[in-house]
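S.K.: here are the coordinates; sequence isn't available:
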Ligand code: AMP
Ligand code: ZN
């Protein structure tokens, strides 16, 4: 499968890793939209939030537990935003489930 984030997981494309374990990887977004912009992805390929189900969704709980840790490590004590774009209307450009962590400044309240 020709998936950019699967290639990052395999190390075929370099990334700046922030956290990794056997189930997930967190790395810095190549085109940061805030002072801190990190992507958190499952190592298992899942297309997006629209492809989650009772069988594969447990990894999302793990991702969110680690998002809390990563945000603390990044010093995001004043808050941050977690975003997952889904499909074409949602603006998803990489079709591998990912959660953006955005922070390090007061974010725009405009959501759409
Ligand atoms: P989305 O538009 O929600 O699908 O998010 C995809 C994100 O992946 C964008 O914010 C891109 O800047 C980011 N991105 C694309 N290629 C890379 C890469 N090689 N390394 C890190 N981030 C990337
Ligand atoms: Zn993938």
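M.R.: Cool, got the structure. All of these numbers come straight from a predicted model, not from anything done at the bench. Ligands and ions are numbered 1, 2, ... in the order given.
S.K.: from here on, just use CA atoms for contacts and neighbour counts.
M.R.: Fine.
S.K.: average pLDDT for stretch 34-46?
M.R.: The average pLDDT for stretch 34-46 rounds to 98.
S.K.: what's in contact with that stretch?
M.R.: 6, 9, 18, 22-29, 52, 59-60, 63, 67, 74, 96-105 (CA atoms under 8 Å, 6 or more residues apart in numbering).
S.K.: of those residues, which are in range of ligand 1?
M.R.: 28-29 (CA under 6 Å from any ligand atom).
S.K.: if any of the contacts of stretch 34-46 are buried, give me the PyMOL selection for them.
M.R.: In PyMOL, this line selects whichever of the contacts of stretch 34-46 come out buried by 16 or more other CA atoms under 10 Å:
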select buried, resi 6+9+24+25+26+27+28+29+59+60+63+67+96+97+98+99+100+101+102+103+104
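S.K.: now, the contacts of stretch 34-46 that are in helices?
M.R.: 6, 9, 59-60, 63, 67 (DSSP state H).
S.K.: which of these come close to ligand 2?
M.R.: residue 6 (CA under 5 Å from the ion).
S.K.: can you put the ones in helices among the contacts of stretch 34-46 in TSV and add pLDDT?
M.R.: Formatted as TSV, the ones in helices among the contacts of stretch 34-46 follow (pLDDT from 0 to 100):
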residue	pLDDT
6	98
9	98
59	98
60	98
63	98
67	98
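S.K.: return the residues of this protein in contact with ligand 2.
M.R.: 3, 5-6, 45, 96.
S.K.: closest one of the residues you listed to residue 111?
M.R.: residue 96 (21.8 Å; CA to CA).
S.K.: the closest one and residue 1 touch, don't they?
M.R.: No. Checked against CA atoms under 8 Å, the pair residue 96 and residue 1 is beyond contact range at 11.1 Å.
S.K.: name the residues of this structure found near ligand 1, please.
M.R.: 15, 28-31, 85, 91-94.
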